[in-house]
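S.K.: Next one to model:
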Amino acid sequence: TEKKLANSEPVGTQTAKIQQQITRHKALEEDIASHAPLTDQVAHIGQALLSLTSAVDQRMLADKLHSVQAQYSEVKDWCRRKAALLEQALSNARIFGEEEVEALNWLAEVQDKLSRVFVRDYKCEVLQKQHAEQLALNEEILSRKKNMEQAVKNGQALLKQTTGEEVLIIQEKLDSIKTRHAEITATSSKALKTLEQALQLATKFQSTHEELSGWLDTVEEELSSSERLSPVGEQIPQFQQRQKELKNEVMEHRLVLDTINEVSTALLELVPWRAREGLDRLVSEANTRYKSVSDIVAQRVEQIDAAIQRSQQYEQATDAELAWVVETKRKLMALGPIRLEQDQTTAQLQVQKAFSIDIIRHKDSIDELVKTEDEILGACGEEQKTILQEKTASLLQKYEEVSLQNSERYALLERAQVLVNQFWETHEELSPWLDEILSFITRLPPPAIDPEILKQQQDEMRQLREEVAEHKPHIDKLLKIGPQLSDLNPEESELVSSKYSTAEALYARIKDKVRQRAMALDEAVAQSTQNSEFHDKIEPMLEALEHLADRLRSPPSIPAEMDKIREQISENKNIGMELEKLQPSFEALKHRGEELISRSQG
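M.R.: Purely as a prediction, here's the structure:
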């Protein structure tokens, strides 16, 4: 039907011809009207199918239904306008000649064409065809100006031959020829400008859309491919660099997308609503695809930046821990030997405890680094990965060395504190006792002669020997601990060794004095026994000597008788013989008495 309308012969200039054309056109109108029920049925069936098809098929089916309905409506409208042209031509043919009718028909046809001139689509090929057609029509309008002027002249000649009401009709028609030609000239120029503007916009839209679509196709494929195959090793830096390049490309193509949006907005104001859906779809799809690509690239760049930041933070943390390990090792080396005095050893142990707490705290930080190592290294290139692995390995090794060094020193300090406390506590307990006992022994009186006092001195000596024996473990402890402390700090060993050596010497001196005292007491006991024997022997001696002395102090008077004298001489000889007998015992007792006196005085 469209072909029939498009290929129909031009409107005739003679009444008979025009009437034939009207008859044929009415038949065409009836044929078009007869297809209205079929068109409605197609629309009804199509609407029913829309609810049964997929989203993609629904859109395609809706486009087809819309196209059928639009085509049928356009054919009906075209047929109506053609009928109006034929009726107008028949009316003009009854008044004017063929030239005037032909001019009026042409004006009507051109006006009809111009009334249907609008931007039909956003596609360049459609607009190029429209523009070419409009350019040809515009040239035809300009070229027909002389024909219009000739038709007006012919009409004016006809006026001179006409009377009555037809004069007014003819004059009105002639005036409309000039006016209508000027109008169609202006309308055609305006339509041509509109089409030129639309063609420029469409060309700009098509080129920018093709540019953006081509870039999106490439990038989408690249993103899809890189998503399937994760980069490894040296591919990682290249991948990261490429994502940053893509980010720059996304920013650059944002200008292209903005151009598409701006151009499409201007183009939408020119194209009919039927064509807007396709244009909207292209613009929406371009924006959606661009946003998707932009979001993916932005997300990847964010992940890359985050991974780089994490690796930098990891490296900084590792460097900080390495610096701490080195500094801690330096401080441990500078602590110096273990001191052998209680307060100093305790202070050193407290310092070492602080080191232990610090080392344990840093152990948590290092464990956290080791825990995240695989994740961090997985996002690094081989070169950076190697650097971080070496730093981590160095950190672990040095940390173990520092930890071991601290543990060993801490164990030594704990042992030293026990030994130092035991040594000095024992020394503080023993030293006053040694001085006191030595002083006490020095002030002891010599062994008594009196048996009772001597017995008391023996009891005191037994207690003293027991007390000395009780303090033997203290001396043994000093002698055992002292050398161990000297090994811990040879520089301060002289102080310790002097203490336990002095204590040992004093203790040995005390033991010797106790031993001598005991011997003296034992000897005194023996002498006491001898004294008893002396006294037992000297008493009879003294009595005998006293008796003899009494006999000698009171001699009888010398008698005159010879016998008496002889008796006295005999008595005197007896006394001399008794004295001679007593002489050895006397000498022995005298010697023993002198010894006793000498011992008691010594």
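
S.K.: Can you list the residue ranges for helices in the stretch 151-300 of the chain?
M.R.: For the stretch 151-300 of the chain, applying DSSP state H, counting those that start in this stretch gives helices covering 165-228, 235-268, 273-333.

S.K.: Out of those helices, the one nearest Gln457 is which?
M.R.: helix 273-333 (61.5 Å; C-beta to C-beta). Using the backbone N, CA and C atoms, a C-beta is placed for each residue, glycine as well.

S.K.: Now do the closest one against helix 235-268, angle only.
M.R.: Helix 273-333 and helix 235-268 are oriented at 150 degrees to each other (axes from the mean of the first three to the mean of the last three C-alpha atoms, to 10 degrees).

S.K.: Check which residues of whatever helix or strand comes next after helix 273-333 are buried.
M.R.: As assigned by DSSP states H and E, the chain's next helix or strand after helix 273-333 is helix 342-377. Within helix 342-377, the residues that count as buried by 16 or more other C-beta atoms under 10 Å are 345, 348-349, 352, 355, 359, 362, 366, 369, 376-377.

S.K.: In a markdown table: the helices of the stretch 151-300 of the chain, plus distance to Ile510.
M.R.: Listed next are the helices of the stretch 151-300 of the chain as a markdown table, based on distance: least, C-beta to C-beta, whole Å:
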| stretch | distance to Ile510 |
| --- | --- |
| helix 165-228 | 94 |
| helix 235-268 | 84 |
| helix 273-333 | 45 |
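
S.K.: Redo those as JSON lines? Include mean neighbour count and distance to Phe423.
M.R.: As requested, these are arranged in JSON lines below (neighbours: other C-beta atoms under 10 Å; distance: least, C-beta to C-beta, whole Å):
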{"stretch": "helix 165-228", "mean neighbour count": "16", "distance to Phe423": "74"}
{"stretch": "helix 235-268", "mean neighbour count": "16", "distance to Phe423": "64"}
{"stretch": "helix 273-333", "mean neighbour count": "15", "distance to Phe423": "26"}
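
S.K.: Lowest average confidence across those, which one?
M.R.: When these are compared by mean pLDDT, helix 165-228 comes last with a mean of 81.

S.K.: what helices or strands is that one leaning on?
M.R.: Secondary-structure packing of helix 165-228 (3 or more C-beta pairs under 8 Å, 6 or more residues apart in numbering; DSSP states H and E): helix 98-115, helix 124-143, helix 145-160, helix 235-268, helix 273-333.

S.K.: among the helices of the stretch 151-300 of the chain, which is nearest Gln527?
M.R.: Ranking those by proximity to Gln527 (C-beta to C-beta) places helix 273-333 first, at 70.2 Å.

S.K.: tell me the angle of that closest one relative to helix 342-377?
M.R.: 150 degrees.

S.K.: what angle separates helix 273-333 from helix 165-228?
M.R.: Orientation note: helix 273-333 sits at an angle of 30 degrees relative to helix 165-228 (the same axes, to 10 degrees).

S.K.: So which other helices or strands are in contact with helix 273-333?
M.R.: helix 165-228, helix 235-268, helix 342-377, helix 382-442.

S.K.: which stretch among the ones you listed comes nearest Leu582?
M.R.: Using C-beta to C-beta as the measure, helix 382-442 is the one of the helices and strands packed on helix 273-333 that comes nearest Leu582, at 45.3 Å.

S.K.: From Asp367, how far off is the most centrally placed residue in the chain?
M.R.: Residue closest to the average C-alpha location in the chain (C-alpha atoms, centre = their mean): Arg310, at 6.2 Å. Per C-beta to C-beta, to the nearest Å, Arg310 is found 17 Å from Asp367.

S.K.: returning to that earlier point: need the helices and strands packed on helix 273-333 in CSV (columns: distance to Gln130).
M.R.: What follows is the helices and strands packed on helix 273-333, written out as CSV (distance: least, C-beta to C-beta, whole Å):
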stretch, distance to Gln130
helix 165-228, 6
helix 235-268, 14
helix 342-377, 62
helix 382-442, 61
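
S.K.: looking at the ones you listed, which is closest to Ala323?
M.R.: Once these are compared by C-beta to C-beta, helix 382-442 is nearest, at 10.1 Å.

S.K.: helix or strand right after that closest one?
M.R.: That would be, after helix 382-442 and using DSSP H and E, helix 451-470.

S.K.: Quick check: which helices or strands does that following helix pack against?
M.R.: For helix 451-470, the elements it packs on are helix 382-442, helix 493-553, judged by 3+ C-beta pairs under 8 Å, 6+ apart.

S.K.: The last one: what's the following helix or strand?
M.R.: Next in sequence after helix 493-553, counting helices and strands by DSSP H and E, comes helix 562-601.

S.K.: Tell me what angle that following helix forms with helix 493-553.
M.R.: Between the axes of helix 562-601 and helix 493-553, defined by the same axes, to 10 degrees, the angle is 170 degrees.

S.K.: on contacts alone, who are the packing partners of helix 562-601?
M.R.: Counting contacts by 3+ C-beta pairs under 8 Å, 6+ apart, helix 562-601 packs against helix 493-553.

S.K.: by contact count, what packs against the helix it packs on?
M.R.: In terms of contacts (3+ C-beta pairs under 8 Å, 6+ apart), helix 493-553 is packed against helix 382-442, helix 451-470, helix 472-488, helix 562-601.

S.K.: what's the average pLDDT for it?
M.R.: Helix 493-553 shows a mean pLDDT of 78.

S.K.: So what angle separates the directions of that helix and helix 472-488?
M.R.: For helix 493-553 against helix 472-488, the angle by the same axes, to 10 degrees is 150 degrees.

S.K.: Just the angle for helix 493-553 relative to helix 451-470, thanks.
M.R.: Computed by the same axes, to 10 degrees, the angle separating helix 493-553 from helix 451-470 equals 170 degrees.

S.K.: Pull the distance from helix 493-553 to the chain's centre.
M.R.: With C-alpha atoms, centre = their mean, to the nearest Å as the basis, helix 493-553 stands 91 Å off its chain's centre.

S.K.: rewinding a little: mind checking which of the helices and strands packed on helix 273-333 is nearest Val283?
M.R.: Evaluated over these, closeness to Val283 peaks at helix 235-268, with 4.6 Å, by C-beta to C-beta.

S.K.: Taking helix 124-143 as reference, get the angle to the closest one.
M.R.: Using the same axes, to 10 degrees: helix 235-268 against helix 124-143 is 30 degrees.

S.K.: returning to that earlier point: make CSV out of the buried residues of helix 342-377 and add distance to Ala508 and pLDDT.
M.R.: Shown next, in CSV, are these (distance: C-beta to C-beta, whole Å; pLDDT from 0 to 100):
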residue, distance to Ala508, pLDDT
Thr345, 29, 88
Gln348, 34, 89
Leu349, 35, 91
Gln352, 38, 91
Phe355, 43, 91
Ile359, 48, 91
His362, 53, 90
Ile366, 57, 87
Leu369, 62, 84
Ile376, 71, 71
Leu377, 71, 74
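
S.K.: right, and out of these, which lies closest to Leu542?
M.R.: Distance to Leu542 across the buried residues of helix 342-377 (C-beta to C-beta) is lowest for Thr345, with 74.6 Å.

S.K.: isn't Ser365 right up against Thr318?
M.R.: No: look at Ser365 against Thr318 with C-beta atoms under 8 Å: they stay out of range, at 9.9 Å.

S.K.: Put together JSON lines for the helices and strands packed on helix 165-228, with distance to Glu425 on each row.
M.R.: Shown next, in JSON lines, are those (distance: least, C-beta to C-beta, whole Å):
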{"stretch": "helix 98-115", "distance to Glu425": "123"}
{"stretch": "helix 124-143", "distance to Glu425": "107"}
{"stretch": "helix 145-160", "distance to Glu425": "135"}
{"stretch": "helix 235-268", "distance to Glu425": "66"}
{"stretch": "helix 273-333", "distance to Glu425": "29"}
